[in-house]
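J.: Sequence first, predicted coordinates after that:
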Amino acid sequence: MSSYDATYAAAQAAPEEYWAAAARAIDWDRAPDRSFDPSLGAYGRWFPGGRLNTCHNAVDRHVAAGRGDQPAILYDSPVTGSRATITYAALQRRVAKLAGALAALGVGVGDRVVIYLPMVPEAPVAMLACARLGAVHSVVFGGFAAAELAARIADAEPKVIISASCGIEPGRVVAYKPLLDTAIALSPHKPLACLILQRPEQSCALTPGRDRDLLEAEAEAPPHPCVPVAATDPLYILYTSGTTGKPKGIVRDNGGHAVALHNSMGLLYGIGPGEVMFTASDVGWVVGHSYIVYAPLLVGATTVLFEGKPVGTPDAGTFWRVCAEYGVKAMFTAPTAIRAIKREDPEGKLLAAQDLSKLGTLFLAGERCDPPTAEWVAALLRKPVIDHWWQTETGWSITGNFRGLGLFPARFGSGGKPAPGYHVAALDEAGQPLPPGATGTLAIRLPLPPACLPTLWQAEARFRQAYLETFPGWYNTSDAGVVDADGYVSVMSRTDDIINVAGHRLSTGAMEEVLAAHPDVAECAVVGMKDSLKGQVPLGLVVLKSGAGKPEAELVRELVALVRDRIGPVAAFKDARVVTRLPKTRSGKILRATLRRIADAEDYTVPPTIDDPAILDEIEARLRAAP
């Protein structure tokens, strides 16, 4: 058996023993009574009876071990020209004092704090300060629309909001304070206080009686010690889009989260104490929570906090520059970032200019990576490129490849094999496991492993309905895909992105994979469009690489022929349009549901998560024009 096979089999055969061993790697104020209690919650709870503090495990214990001078956070901000190195000792001092400032405002165990900040050191400091107090933080992506911020304030009911005067985007300054003030006015719940970081690029007026300068409050406060909480107490709430329009508050607990994320660093990413990890995401998203802040710090690594974009700050070589300058061992980003880099620098000249000898692995997640993109970057890096699949709800990888177990052969287009602790199957509509290679709804057998959501914030019935009731005994991921005979899992699309063409269920992800293989295509999306004869037909939207100048009609003929050749006439793929950009969320996910509504000439609401709303008008005009 391979190391992976043996470890996975051990976790399947004796999950309580597997996770008990992982739990011994973190500090407990009181050891758990047992690893798992199936009688608690919707499907059981991990580490009941245990007490710990996540901030102690992420910061204080490394200082106590004599590693206070080691860098904890490397802040790199090409949009402001700022850089900073924050050691574990310095991080401990800042976190303890900000915790003291929050405590002075009445924040204690179980109270909520909303964090609405850009990618600045104060963001992880604020998260850890809440964890230090046993308070529950809810990070909202900086610059999020006021109405959406208001919905999160109303649901979380925070005592305090931590924000900033502004965020910095390439070529513009985004004023946060007016958005925050509008959100508070819209919300039926009002915070007792706001702590505002005044950035030098743009300051703001403070609201008398409510607002305080964050740095002044931190400087004046006495340091606060870590407060132990129950392992099953919530650490944070992170909101994700809901089908009803109301955001879903994903709850993450303290004990299971600390154990699973600490375990994942060596298992998945091959990162240990003192080594450098660069996760190019944002703390407003789960990737930022897990692998910019908590997991690297829990294991005593050094994490890069990057305020910029993959292109335009200043160019498509900025990620490679960061890896070279800081000696990054593992990098983690979204496929959309690599596609953007590929579009701007298709020959990889900017990558070739950097010394990436210390970079061991590139990890991709956020949406499925099309094989041509993975092959492109793997050929340039000459390093393992690993696509892995997980969700906001799980908090860490469902499937992947495992540096700590020596890696098994990668298959581009697949998210790898299940992580130890997960049992993944493709189910049919009746909830029965399908044979290897058959497309179905991917589901995880209950109980979910540690760090996965135990519930939704103040919405237990909604949690059960959304995730547990469709397939009793299973967690419904709402992702469609296959598990092959060798155990590799391939996620093709969300289940609502399976289209039905004349009775044939077809994956838009498979068609996107074909379109992306065309040498002129930088990125693409395929959506199902209503058709009176076939029910639905696929429509392709493609963004071209820089310098591609082939006539559109010729390109479309080639794309249609590719799909016909590789998937077959059954796909009924006959229409593709060239667009300048695809609409995406700020985390890089393509807004396929919105594209589908535009294609069907249906009314749609501009999603609050969209990065640039103007692109929707361009695409709508493009689709209304004759092919």
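T.: That came through, no problem. No experiment lies behind these values; they were computed from the predicted model shown.
J.: shaky segments in the stretch 501-627 of the chain?
T.: Flagging of the stretch 501-627 of the chain using pLDDT under 70 yields the residue ranges 502-505, 533, 587, 626-627.
J.: Need the nearest residue in space to Ala378, chain neighbours excluded.
T.: Spatially, and ignoring its direct neighbours in sequence, Ala378 is nearest to Val385 (4.2 Å; Cβ to Cβ, 6 or more residues apart in numbering). (C-beta placed from N, C-alpha, C; glycine too.)
J.: backbone phi and psi for the one you found, please?
T.: phi -120, psi 120 (degrees, to the nearest 10).
J.: bridging residues for Pro234?
T.: With DSSP bridges as the criterion, the beta-bridge partners of Pro234 are Asp253.
J.: Could you tell me how many residues sit around it?
T.: When neighbours are counted by other Cβ atoms under 10 Å, Pro234 registers 23.
J.: So it sits against Arg252, correct?
T.: Yes - with contacts counted by Cβ atoms under 8 Å, Pro234 reaches Arg252, the gap being 6.7 Å.
J.: show me what contacts the residue nearest to Ala378?
T.: Shown in contact with Val385 (Cβ atoms under 8 Å, 6 or more residues apart in numbering): Thr361, Leu362, Leu364, Ala374, Val377, Ala378, Ala410, Phe412.
J.: So what pairs up with it in the strands?
T.: Leu362.
J.: got it, and the one 4 residues further on?
T.: Here Trp389 sits in beta bridges with Thr399, as judged by DSSP bridges.
J.: wait, it sits on Val491?
T.: Yes - counting by Cβ under 8 Å, Trp389 touches Val491, with 5.1 Å between them.
J.: Neighbour count: these two, which is higher?
T.: Taking other Cβ under 10 Å, Trp389 and Val491 do not tie; Trp389 has more neighbours (28 against 22).
J.: As TSV, the contacts of Val385 with pLDDT would be great.
T.: Shown next, in TSV, are these (pLDDT from 0 to 100):
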residue	pLDDT
Thr361	98
Leu362	98
Leu364	95
Ala374	94
Val377	97
Ala378	97
Ala410	89
Phe412	92
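J.: What remains of those if I keep only buried residues?
T.: When the contacts of Val385 are checked for burial by 16 or more other Cβ atoms under 10 Å, the buried set is Thr361, Leu362, Leu364, Ala374, Val377, Ala378, Ala410.
J.: So which of those are in helices?
T.: Using DSSP state H, the subset of the buried ones among the contacts of Val385 located in helices is Ala374, Val377, Ala378.
J.: Tabulate those residues (a markdown table), appending distance to Leu453.
T.: As requested, these are exported to a markdown table (distance: Cβ to Cβ, whole Å):
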| residue | distance to Leu453 |
| --- | --- |
| Ala374 | 29 |
| Val377 | 31 |
| Ala378 | 33 |
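J.: Show me which helix runs longest in the chain.
T.: Max-length helix for the chain by DSSP H is helix 88-104.
J.: so how far is whichever helix or strand comes after that helix off the chain centroid?
T.: Sequence order places strand 112-116 as the next helix or strand after helix 88-104, per DSSP states H and E. Averaging C-alpha positions (Cα atoms, centre = their mean, to the nearest Å) puts strand 112-116 18 Å from its chain's average.
J.: Please save the CA atoms from strand 112-116 in CSV.
T.: Provided in CSV are the C-alpha atoms of strand 112-116 (Å, rounded to 0.1, in the frame of the first residue of the first chain):
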residue,chain,number,x,y,z
ARG,A,112,-19.9,38.7,17.6
VAL,A,113,-17.5,41.1,15.9
VAL,A,114,-17.8,42.0,12.2
ILE,A,115,-14.5,42.6,10.4
TYR,A,116,-14.7,44.7,7.2
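J.: tell me the mean pLDDT for it?
T.: Average pLDDT, strand 112-116: 98.
J.: in the longest helix of the chain, what's buried?
T.: 88, 90-103.
J.: what does it contact?
T.: 55, 59-60, 62-63, 67-73, 86, 113, 121, 125-126, 128-130, 132-133, 135, 160, 195, 214, 217-225, 300.
J.: Derive a PyMOL selection command for the buried subset of the residues you listed.
T.: PyMOL command restricting the contacts of helix 88-104 to the buried ones, with burial defined by 16+ other Cβ under 10 Å:
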select buried, resi 55+59+60+62+63+67+68+70+71+72+73+86+113+121+125+126+128+129+130+132+133+135+160+195+214+217+218+221+224+300
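J.: Please narrow the contacts of helix 88-104 to those residing in helices.
T.: Filtering those for helices - DSSP H - leaves 55, 62-63, 125-126, 128-130, 132-133, 214, 217-220.
J.: Can you tell me which of the ones in helices among the buried ones among the contacts of Val385 is nearest Pro310?
T.: Ranked by distance to Pro310 (Cβ to Cβ), these are led by Val377 at 11.8 Å.
J.: For that closest one, list the residues it contacts.
T.: If you count contacts by Cβ under 8 Å, 6+ apart, then Val377 has Ile338, Ile341, Lys342, Leu362, Val385 around it.
J.: same check, this time on Gly142
T.: Tyr116, Leu117, Pro118, Met119, Ala164, Gly167, Val174, Tyr176, Asp282, Gly284 are the contacts of Gly142 under Cβ under 8 Å, 6+ apart.
J.: Of those, keep whichever come out buried.
T.: The buried subset of the contacts of Gly142 - by 16+ other Cβ under 10 Å - is Tyr116, Leu117, Pro118, Met119, Ala164, Gly167, Tyr176, Asp282, Gly284.
J.: list the contacts for the second one?
T.: Contact criterion Cβ under 8 Å, 6+ apart gives Ala123, Ala126, Val139, Gly142, Ile162, Ser163, Ala164, Leu197, Val283 as the residues in contact with Leu117.
J.: Try it again at 7 Å.
T.: Ala123, Ala126, Gly142, Ile162, Ser163, Ala164, Leu197 (Cβ atoms under 7 Å, 6 or more residues apart in numbering).
J.: So which of those residues are in strands?
T.: Ile162, Ser163, Ala164, Leu197 (DSSP state E).
J.: The last one: neighbouring residues, count only.
T.: By that I understand Leu197. 22.
J.: ok, now which ones touch the closest residue to it other than its chain neighbours?
T.: What sits nearest to Leu197 in space, not counting adjacent residues and going by Cβ to Cβ, 6+ apart, is Ala164, at 4.1 Å. By Cβ under 7 Å, 6+ apart, the contact set of Ala164 is Leu117, Pro118, Tyr176, Ile196, Leu197, Arg199.
J.: And those residues, which is closest to Val578?
T.: Pro118 (33.6 Å).
J.: Any stretches of the stretch 301-450 of the chain with poor pLDDT?
T.: In the stretch 301-450 of the chain, no residues with pLDDT under 70.
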